[in-house]
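Novice: Any chance you could fold what I've pasted below:
(one chain, ligands or ions: 3)
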Amino acid sequence: RSADGRLQLTLSAALGKVKIAGKDATALSYNGSLPGPTLFLRAGDRLNVTLENRLRDPTNLHVHGLHVSPQGNGDNPLLSVGPGTSLDYEYQLPADHPPGVYWYHPHHHGFVADQIFGGLYGAIVVQDDQPIPTSRERVLVISDISLTPGGRIAAVSVMEKMMGREGNLVLVNGQLNPRLAARPGERERWRVINACTGRHLKLRLDGQSLQLLGLDSGRFRVPAKVDEVLLAPGNRADLLVTAQTGTAVLRALPVDRGSIGPMMGGNGPLRSSAGRSGAVLATFTVAGAPVATLVPVPEQQVPRDLRSEPVAARRELVFAMGMGMGPGTGMMDFTINGKSFDPARVDTTVSAGGVEEWTLRNTSLMDHPVHLHVWPMQVIEQAGLPVDTLRWQDVVNVPARSSVRVRIAFDDFTGKTVYHCHILDHEDAGMMGVIEAR
Ligand code: C2O
Ligand code: CU
Ligand code: CU
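Specialist: Ligands and ions are numbered 1, 2, ... in the order given. So this is what the prediction gives:
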C-alpha cells in the first residue's frame, strides 16, 4: 500500500496443497492460503488486482459489498477470465465510502458455488475515519467445506445443490475450532464474514458481552447490545467483544431455513448447523490480570435515511422455485420474476441518482438471501413490520413465503451489474438478474 492510497496485488487462483483444519488437503485457494490475504483499505483508495487463473475452469473476481463502479475492469460480474489467463482489475473507492467488512470471491455464473466452496474467498476491511479504541482486531472468515478422507473436495449431489450445499466442516480462517485468548476487560473488534455457500450462521458467544457496530455496510449510529447475530450467506458482522473472565465458545446454532418441498422428495426442514448445540466455531479464553476498561465508542455519523426521501420508482422482485420445465431435467427452476439468468438480457433498468423502493417477495418454501451489487439496501420493512434501526445491508434474507421491503439510492455509478440469491447453488441455477443504472 503506497502513501497516496494505492494498493496493488496479485491474486492467483489455483488448485493445490493447502492446510485445512491443520491437515494437508487439496483445495482451491488464492495465493496458496485459505482464506486469501486480507485487504485493508480506506475510503478514497484505489485497489489494483491482477487476477491469475490457474484453474481448469473460467473464473473472475467480485468485491462483495464495495460501492465501486461495475463498468469496464471494475466490479464487473459479467467478465470471464479463462484458464491460464489473467486480468487486471481496478477499483476506485469514493471518498465517502462506508467503513465496514467486505469480502472478495469469484463470480463466474455456473462456477460460483464450486469455487467458493472449494476455498476461494478473502476479507476486505474498509477502515473507519476515526478508529475505535480496541485492544485487538480479528478478522474471522467463516466458511464450510466437505473433504474426502484423502483431503480432496467432496462431490456434491443434485439434492444438496437444490437445497444449497453445506459442508460438514465449518472453518474459521481455515481452521477447526481455533483458540483465541484475551485478558479480562480487553475490548476486541471481531469482523465476521459468512463465506459459506449455503449455510446460515446464528452466532452466539455466551458468557461474553457483545455489541454490534454494524452489519454489511457502514456502522450503526450507536452500537447495539446483542446476544446473538444471524448471518445469511454473504452477510458480515462488525462486533465488539468486551472480554470477561472464563472460557466461551463461539457457536453457530441451528437455523431453520425452510424446505425444498414434498414434490422434490425433500424430507423435512433444512437446518444449518444441525445438532442441538450447533457447530463449535472457536474457543475464546479470557484469563489473567484485568486491564482498564476503554472509553466508550464514539457516535458514528450515519449517512442518509431513505425513509424520509421521495421514491422515484417501486418494484417487486419475486423469488420462486418450481418444477423444471426444461427438457427432461427433473431439476428445479430457480427464478426471479419468472425468469432464469440470462447475461444478455437487462431485467431491471433504474435511473441513476434516484431512490427506489423494492419489495423482495419469496414465494417458495425455502429462504433466499437476496444480494444486490454496488448499491447497499436500507431495510425498511420485514414481515410487514417497520424496521427501526437504520440498517444498510447488501444481503437481506427473505424467509420462506414472506417479503422484505428495502430502499436503494442508485448513486455515483452507472452500468450493468446483478442481483441474486446468495445461496450460491441457487445463483448458479439461475436465480440472478441483470440491473442497469443509466
Ligand atoms: Cu457475494 Cu454477487 O456476490
Ligand atoms: Cu456481491
Ligand atoms: Cu436461494
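
Novice: hang on, Met162 is in a strand, isn't it?
Specialist: No. Residue state for Met162 (DSSP: H, G, I helix; E, B strand; the rest coil) corresponds to helix; a strand is not indicated.

Novice: so it touches Met332, yeah?
Specialist: Yes. With contact defined as C-beta atoms under 8 Å, Met162 and Met332 form a contacting pair (5.3 Å). Where you see a C-beta, it was placed from the backbone N, CA and C, and this is true even at glycine.

Novice: who touches Ala25 in this structure?
Specialist: If you count contacts by C-beta atoms under 8 Å, 6 or more residues apart in numbering, Ala25 has them with 17-19, 147, 151-152.

Novice: For it, which three-state class applies?
Specialist: With three-state DSSP as the criterion, Ala25 reads strand.

Novice: Report the spatially closest residue to it, excluding sequence-adjacent ones.
Specialist: Closest residue to Ala25 apart from its sequence neighbours, by C-beta to C-beta, 6 or more residues apart in numbering: Gly151 at 3.9 Å.

Novice: So what's the residue count around that neighbour?
Specialist: For Gly151, the count of nearby residues is 15 (other C-beta atoms under 10 Å).

Novice: Begin at 2, not 1, for the rest of this chat.
Specialist: Happy to do that; since the first residue is 2 now, the last one works out to Gly152.

Novice: now the residue of the stretch 152-301 of the chain found nearest ligand 1, what's its secondary structure?
Specialist: Nearest residue of the stretch 152-301 of the chain to ligand 1, counting by C-beta to the nearest ligand atom: Gly235, 4.7 Å away. For Gly235, the assignment made with three-state DSSP gives coil.

Novice: what bits of the stretch 202-351 of the chain have low per-residue confidence?
Specialist: By pLDDT under 70, the low-scoring segments of the stretch 202-351 of the chain are 262-271, 275-277, 325-332.

Novice: now Arg192, nearest residue through space, not along the chain?
Specialist: Val102 (4.0 Å).

Novice: next one: Val407
Specialist: Val407 sits nearest to Met378 (C-beta to C-beta, 6+ apart), 3.9 Å away.

Novice: how about the one you found, what does it touch?
Specialist: Neighbours of Met378 in contact, by C-beta under 8 Å, 6+ apart: 359, 393-395, 397, 407-409.

Novice: give me the residue from the stretch 152-301 of the chain nearest ligand 2.
Specialist: Gly235 (6.7 Å; C-beta to the ion).

Novice: That residue contacts Thr198, doesn't it?
Specialist: No. Taking contacts as C-beta under 8 Å, Gly235 lies outside contact range of Thr198: 9.6 Å.

Novice: Just flag the most distant two among the contacts of Ala26.
Specialist: Lys20 and Arg153 (14.3 Å; C-beta to C-beta).

Novice: quick one on the thing from earlier: now list the buried members of the contacts of Ala26.
Specialist: 19, 148 (16 or more other C-beta atoms under 10 Å).

Novice: Just the contacts of Ala26: which are in strands?
Specialist: If you go by DSSP state E, these have 18-20 in strands.

Novice: Get me the contact residues on the stretch 52-201 of the chain for ligand 2.
Specialist: Counting by C-beta under 5 Å from the ion, the positions of the stretch 52-201 of the chain adjacent to ligand 2 are His65.

Novice: Going by proximity to ligand 3, name the top residue of the stretch 52-201 of the chain.
Specialist: Gly165 (6.4 Å).

Novice: What are the boundaries of the helices in the stretch 2-151 of the chain?
Specialist: With helices called from DSSP state H, counting those that start in this stretch, the stretch 2-151 of the chain shows them at 113-119.

Novice: ok, Lys417 touching Glu437?
Specialist: Yes. Using C-beta under 8 Å, Lys417 is in contact with Glu437, at 4.7 Å.

Novice: what residue of this structure is the furthest out?
Specialist: Within the chain, the residue lying farthest from the chain centre (C-alpha atoms, centre = their mean) is Ala290, at 37.0 Å.

Novice: Excluding chain neighbours, give the residue nearest to the residue in the stretch 2-151 of the chain positioned nearest to ligand 2 in space.
Specialist: Nearest residue of the stretch 2-151 of the chain to ligand 2, counting by C-beta to the ion: His65, 3.6 Å away. Ranked by C-beta to C-beta, 6+ apart and with sequence neighbours excluded, the top spatial neighbour of His65 is Trp104, at 5.0 Å.

Novice: so what's that neighbour up against?
Specialist: Trp104 neighbours (C-beta under 8 Å, 6+ apart): 64-66, 122-125, 142, 194, 196, 237.

Novice: Then Leu79?
Specialist: If you count contacts by C-beta under 8 Å, 6+ apart, then Leu79 has 344, 417, 419, 435 around it.

Novice: Please report the distance of it from Arg439.
Specialist: Separation of Leu79 from Arg439 (C-beta to C-beta, to the nearest Å) stands at 16 Å.

Novice: Can you show me the strands along the stretch 2-151 of the chain?
Specialist: Using DSSP state E, counting those that start in this stretch, the strands of the stretch 2-151 of the chain run over 7-21, 24-31, 40-42, 47-55, 63-65, 87-93, 101-106, 123-127, 137-146.

Novice: State the mean pLDDT of stretch 91-98.
Specialist: Looking at stretch 91-98 alone, the average pLDDT works out to 97.

Novice: Now do the nearest residue in space to Ser144 that is not next to it in sequence: how many residues are near it, please.
Specialist: In this structure, Ser144 finds its nearest non-sequential neighbour in Ala196, 4.3 Å apart by C-beta to C-beta, 6+ apart. Per other C-beta under 10 Å, the neighbour tally for Ala196 reads 26.

Novice: Many thanks, I have nothing further to ask.
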